[in-house]
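K.L.:
only geometry, no sequence info:
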């Protein structure tokens, strides 16, 4: 993160050489490249050599401010947070004290994100605020005399949303809304959010989730996977066989709109209750199985790149390419077309 250039010479001297983790500008570099902007030239004008950008460990506060100024010359500064959000992937944040794979719940993830913020720069702070209905992770300035740039705080919000969605891709609607300061009241970015936007005047930017979702398990965590393996060893072979049969049935019926657990149970010649009881042994339900199967199939077909996005959407049972695109972006953080380009 970074900050606006302060108004006095003493403040500039105090903060301009402050070091910021380079992951921040590497992410911006990738976002600029993705938009077809002359990223190398922009960084060169700032004094950041991109020939060996992977080897850069940190940049100065002054360099980040100049970077924003250069991007503004191209008329793209206000859209930068959205560009960053589009290209963001979890490998950009290898800054936390504990791996995201060890995150067991959404609450753990929010706490981990607070750590990430503090590891990027001490000029910014993040904290978790909990009440009965909603929980928020907030981003703001940590000092009174050196305010974070609103672009940095917007980027933090987009990245936070990306982290949550990529760690919990199997959930929809996990983010309730975002809160922006009035400094961000410009339509270029606001219209890019997939959630309702609320404005405040306290200089704090927030991502808000339902408090009920805090205990949601990260099904991709190592501990969860180990627990699942241990649990599967005790599951009867007949149930494992039925689980495999069900997976095959789902794959063969992905293009059938409205295919339900009732249809699957009928094809397996068991009752719905029996099938649901079997699935509980695997810590899964029918809807989650369909979701995960669609995600794996979508990724395979997009990588194969032999079918159009329209053909893939109908093969997976979506009513339109736009509904498939929205679903795929909520799962992965990428639109289908951007995913194809990235691979």
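P.N.:
Received, thanks. Owing to the predicted nature of the structure, the values given are computational and were not obtained by experimental measurement.

K.L.:
Could you list which residues are in contact with residue 302?
P.N.:
312, 336, 339-340, 343 (CB atoms under 8 Å, 6 or more residues apart in numbering). Heads up, the C-betas are built off the backbone N, CA and C, glycines and all.

K.L.:
which SSE is it in?
P.N.:
Under the criterion of DSSP states H and E, residue 302 resides in helix 286-304.

K.L.:
Now that helix: buried residues?
P.N.:
For helix 286-304, the neighbour count (16 or more other CB atoms under 10 Å) marks 286, 289-295, 297-299, 301-302 as buried.

K.L.:
Can you tell me which of the contacts of residue 302 lies closest to residue 196?
P.N.:
Set against residue 196, the nearest of those by CB to CB is residue 336 (24.9 Å).

K.L.:
Can you pull out the low-pLDDT segments for the protein?
P.N.:
Residues of the chain meeting the criterion pLDDT under 70: 1-13, 93-101, 170-172, 187-188, 219-234, 342-343.

K.L.:
List the ones among the contacts of residue 302 that fall in strands.
P.N.:
If you go by DSSP state E, the contacts of residue 302 have nothing in strands.

K.L.:
how's the chain carved up into domains?
P.N.:
9-213, 235-342 (automatic domain parsing).

K.L.:
sec struct for the nearest residue to residue 134 once chain neighbours are set aside, please.
P.N.:
Leaving out its chain neighbours, the residue that sits closest to residue 134 by CB to CB, 6 or more residues apart in numbering is residue 208, at 5.2 Å. At residue 208 the chain is in strand, as set by DSSP: H, G, I helix; E, B strand; the rest coil.

K.L.:
Quick check: bridge partners of residue 208?
P.N.:
Counting by DSSP bridges, residue 208 is bridged to residue 136, residue 177.

K.L.:
ok, it to residue 162 distance?
P.N.:
For residue 208, the distance to residue 162 (CB to CB, to the nearest Å) stands at 16 Å.

K.L.:
Please apply the same query to residue 65.
P.N.:
For residue 65 relative to residue 162 (CB to CB), the value is 24 Å.

K.L.:
Could you do residue 213 as well?
P.N.:
17 Å.

K.L.:
Check residue 313 too.
P.N.:
For residue 313, the distance to residue 162 equals 23 Å [CB to CB].

K.L.:
of these two, who's got more company?
P.N.:
For residue 313 versus residue 162, the count of surrounding residues by other CB atoms under 10 Å is larger for residue 313: 24 against 20.

K.L.:
Am I right that the more buried one is in contact with residue 320?
P.N.:
Yes: the pair residue 313 / residue 320 is scored as a contact, 6.7 Å apart, by CB atoms under 8 Å.

K.L.:
tell me the contacts of the residue nearest to residue 215 when sequence neighbours are not counted?
P.N.:
Spatially, and ignoring its direct neighbours in sequence, residue 215 is nearest to residue 105 (5.5 Å; CB to CB, 6+ apart). Taking CB under 8 Å, 6+ apart as the criterion, residue 105 is in contact with 214-218.

K.L.:
Let's have these in TSV, adding distance to residue 330, neighbour count and secondary structure.
P.N.:
Shown next, in TSV, are these (distance: CB to CB, whole Å; neighbours: other CB atoms under 10 Å; DSSP: H, G, I helix; E, B strand; the rest coil):
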residue	distance to residue 330	neighbour count	secondary structure
214	20	16	coil
215	21	11	coil
216	15	19	coil
217	19	16	strand
218	17	21	coil
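
K.L.:
sorry, back to before: check the offset of the helix holding residue 302 from the chain's centre.
P.N.:
18 Å (CA atoms, centre = their mean, to the nearest Å).

K.L.:
Equivalent analysis for stretch 242-255, please.
P.N.:
29 Å.

K.L.:
Need the residues that contact it.
P.N.:
If you take CB under 8 Å, 6+ apart as the criterion, stretch 242-255 is touched by 259, 263-264, 267-268, 270, 275, 278-279, 282, 289-290, 293-294, 297, 314-317.

K.L.:
again with stretch 51-59
P.N.:
Here stretch 51-59 has contacts from 19-22, 24-26, 29, 43, 48, using CB under 8 Å, 6+ apart.

K.L.:
Whichever of those count as buried, I'd like them selected in PyMOL; how would that read?
P.N.:
If you want just the buried ones from the contacts of stretch 51-59 in PyMOL, going by 16+ other CB under 10 Å, the selection is:
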select buried, resi 20+21+22+24+25+26+29+43+48
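
K.L.:
quick one: the strands in this protein?
P.N.:
Under DSSP E, the chain gives strands at 19-21, 58-60, 124-130, 134-141, 175-181, 197-200, 205-210.

K.L.:
Closest to residue 146 out of the contacts of residue 302?
P.N.:
Nearest member of the contacts of residue 302 to residue 146, counting by CB to CB, is residue 339, at 38.7 Å.
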